[in-house]
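> Structure of the sequence below:
(chains A, B, C and D)
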There are 2 protein chains.
Amino acid sequence: MNITEAESQIMQALWRKTPLTADEIVADVRARQPWAEATVKTLINRLLKKKAIKSERVDGRHQYVPLVDRANYVQDESQGLLDRLFEGQLAPLVAHFAQNRKLKREEIARLKKLIAELDDDD
Amino acid sequence: MNITEAESQIMQALWRKTPLTADEIVADVRARQPWAEATVKTLINRLLKKKAIKSERVDGRHQYVPLVDRANYVQDESQGLLDRLFEGQLAPLVAHFAQNRKLKREEIARLKKLIAELDDDD
DNA sequence: CAGCTCAAATTACAAGCGTAGTCCGATGAA
DNA sequence: TTCATCGGACTACGCTTGTAATTTGAGCTG
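As a prediction, this is how the structure comes out:
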């Protein structure tokens, strides 16, 4: 039930806008990836088989809709990374980026604001 | 030159302690994964072929040493995730976790401290 | 020296994946 | 009605990955 890297391009398209026809997916994906049309079609079919998306015939054409939720997917992927590399926690990741000076001033500002709001919320 | 999920277990072992003999790697990895010894050996060899680790014969036995740097690997993986799912930026990731209430009070505190220090540093 | 033992290297093999071409059936045009 | 077209389904194929067994080679043992 795993969505592969390549397949995730199709999901991204559907997450941006739903539903889409096969053509629209192809167009969206091909704007980003140098794949043949047939390749995108294959990916769509694999996702159908995996029940990650579904299709319904709407007057002649197929419309595709995601069945897996983006937030969910993102959560799983992210947590997976944290688990593999950062003992499951977010702070060490942030620390890593901080240490490696991979944070632009603007990002720091955003983070700061975020954290502050968090505090309020909680 | 890609390190797969399974292979990364061997890397983790070597990053924890270097150098290690094949036996030691096997022991370390098998403490975490239910893999046959042969499997771990295979992974070691694939990493050798990929030049992700090297071995040197030290009186009869082979000693294995990582050639790729952990910080580097972590950086690449993390950035990859950010690129794929968060427009390459850290703040959206943190925001995602925040929104999904995946942050424990303690983690928030840690983040807060981190960000504060960052500010100082910078 | 002949065999045994253990580590290292080689080989195996199915499933998944990236990448894509081909086939088939419905729909519209002539 | 026949033919061309087009979208969707099916087939293809080599590479990678997970998982592991088998073979080889070097040193130890008798």
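> buried stuff in the helix or strand harbouring residue A:114?
Following DSSP states H and E, one finds residue A:114 within helix A:105-121. The neighbour-count check on helix A:105-121 (16 or more other C-beta atoms under 10 Å in any protein chain shown) flags A:107-108, A:110-112, A:114-115, A:118 as buried. C-beta coordinates here come from the backbone N, C-alpha and C atoms, glycine included.
> just those now: which is nearest chain B?
Within those, proximity to chain B (C-beta to the nearest C-beta) peaks at residue A:110, which comes in at 4.0 Å.
> okay but that closest one is in contact with residue B:93, surely?
No - look at residue A:110 against residue B:93 with C-beta atoms under 8 Å: they stay out of range, at 11.2 Å.
> distance of the closest residue to residue A:96 other than its chain neighbours from DNA strand C?
Closest residue in space to residue A:96, ignoring its immediate chain neighbours: residue B:74 at 6.1 Å, by C-beta to C-beta, 6 or more residues apart in numbering or on different chains. Using C-beta to the nearest atom of the strand, to the nearest Å, we find residue B:74 at a distance of 22 Å from DNA strand C.
> what does residue A:26 give?
Residue A:26 is 12 Å from DNA strand C, where distance means C-beta to the nearest atom of the strand.
> How about the backbone phi and psi for the residue lying closest to that residue once chain neighbours are set aside?
Spatially, and ignoring its direct neighbours in sequence, residue A:26 is nearest to residue A:40 (4.7 Å; C-beta to C-beta, 6+ apart). Phi and psi for residue A:40, reported as degrees, to the nearest 10, are phi -60, psi -40.
> Please enumerate the helices of chain A.
A:5-16, A:22-30, A:37-49, A:70-85, A:90-99, A:105-121 (DSSP state H).
> how close does residue A:56 sit to DNA strand C?
Relative to DNA strand C, and taking C-beta to the nearest atom of the strand, residue A:56 is found at 15 Å.
> contacting residues for that residue?
For residue A:56, the contacting residues are A:62-63, A:65, by C-beta atoms under 8 Å, 6 or more residues apart in numbering or on different chains.
> Looking at those residues, which are in strands?
Of the contacts of residue A:56, the ones assigned to strands by DSSP state E are A:62-63, A:65.
> With pLDDT as extra columns, can I get those residues in JSON lines?
Formatted as JSON lines, those follow (pLDDT from 0 to 100):
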{"residue": "A:62", "pLDDT": "95"}
{"residue": "A:63", "pLDDT": "97"}
{"residue": "A:65", "pLDDT": "97"}
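> Can you tell me which of these are buried?
A:62-63.
> Report the residue ranges of every domain in chain A.
Recorded structural domains for chain A (assignment: automatic domain parsing) are A:5-66, A:70-121.
> Now the weakest link among those, please, by mean pLDDT.
Mean pLDDT values for those show the minimum at domain A:70-121, a mean of 90.
> Which residues of chain A lie near DNA strand C?
Proximity of chain A to DNA strand C, by C-beta under 7 Å from any atom of the strand, involves residues A:2, A:4-7, A:33-36, A:38-39, A:41-43, A:60.
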